[in-house]
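> predicted model and sequence follow; I will ask about them next.
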Amino acid sequence: MKLLCSTSRHARCRNAIISIAACALWTGARAASDDNLAPLDATSAALAQPAVQALSAFSLATSSEPPAPWRVVGLPKGRKPLTRFDITPIDGRPVLRVEASKSYGNLVHPLPHAVPAPGTLLRWRWRLDEPLREADLQRREGDDSPLKVCALFDMPPEQLGFIERNLLRLARAASGENLPSATLCYVWDHSLAPGTLLHNAYTHRVRMIVLDSGEQRLGQWVTHSRDLAADFRHAFGHESATVPPLEAVLVGADADNTGGHSLGYVGDVTLSP
């Protein structure tokens, strides 16, 4: 992906753009499938304008492929092997199996009609069986996660700083996609304490909140329910006075920087008012 960067800053600019694109790109990727949201009843649907959309449920998958419109997205031009996303039964119920091996990849569920984030809860359960012990989200060399669930927001570019606004513009031009301007990821990290908020090592357009840490809960299902508006304000509140619409949700894992291997599972991901 060739971009107009100054010679001295070429590598940093390129890496930032690739990171933004890799976290958010979904259109044109090969089909895949993932978690679903419970459908809203008529009353709830009437109260939400527009109604919160259902995500395709992993538990309703009829094959080993994640259900559409979940799609697997990797780095441009096959720069790294893809993280594997498969549907497999656990305790008699289909769940998403996520395996990273020196790889990068996201399973993305676009929302054709942007969902208003205020009042929206993002829920899921996950289980980590093999951690990434060398991961260190504070350094580029260790910027890997064995499990992450992310929310992609449509924040107006004019609210960004000059440099980040232009990096986003270049990334959108290079990818041909309307990449999100703000991505919030919930991660399972190996060393950082739960509740830690930090910026992605490559781009400030991605912020991360550590929900689980270490190996104490390895092999156990852990359930999470997050208030997207509250978490967005916590991560991006100094940039935006309002919470922008939600464009997509993704599940991912990567081990390309550490060269490691991880294995985890994710149950249905749901959005609810």
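Received, thanks. This structure is a prediction, so every number in the text was calculated from the model and none was measured.

> so where do the helices sit in the chain?
Using DSSP state H, the helices of the chain run over 10-24, 42-47, 162-175, 228-236.

> select from the ones you listed the stretch with the lowest mean pLDDT.
Lowest mean pLDDT within the helices of the chain: helix 42-47, at a mean of 32.

> Gly260: neighbouring residues, count only.
Neighbouring residues of Gly260 were enumerated by other C-beta atoms under 10 Å; the total is 22. Placement of C-beta: from N, CA and C, glycine included.

> change the start of the numbering to 500 and stick with it
With the count now opening at 500, the last piece we talked about shows up as Gly759.

> excluding chain neighbours, what is closest to it?
Spatial nearest neighbour of Gly759, chain neighbours left out: Leu631 (4.7 Å); criterion: C-beta to C-beta, 6 or more residues apart in numbering.

> separation between the one you found and Ser644?
7 Å (C-beta to C-beta, to the nearest Å).

> list the contacts of His733.
Leu696, Ile708 (C-beta atoms under 8 Å, 6 or more residues apart in numbering).

> how close does it sit to Thr619?
Distance, His733 to Thr619, using C-beta to C-beta: 15 Å.

> where does pLDDT dip in the stretch 550-699 of the chain?
The stretch 550-699 of the chain contains residues with pLDDT under 70 at 550-552, 576-577, 655-665, 667-668, 670-679.

> beta-bridge partners for Arg725, please?
Legend: beta-bridge partners of Arg725 under DSSP bridges are Leu621.

> mind listing what it touches?
Leu620, Leu621, Arg622, Tyr685.

> so which residues of the stretch 500-649 of the chain form strands?
Assigned by DSSP state E, counting those that start in this stretch, the stretch 500-649 of the chain shows strands spanning 570-572, 583-589, 592-600, 603-614, 620-629, 644-652.

> let's have those in JSON lines, adding mean neighbour count.
Supplementary listing: those in JSON lines, determined by neighbours: other C-beta atoms under 10 Å:
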{"stretch": "strand 570-572", "mean neighbour count": "24"}
{"stretch": "strand 583-589", "mean neighbour count": "16"}
{"stretch": "strand 592-600", "mean neighbour count": "21"}
{"stretch": "strand 603-614", "mean neighbour count": "21"}
{"stretch": "strand 620-629", "mean neighbour count": "20"}
{"stretch": "strand 644-652", "mean neighbour count": "25"}
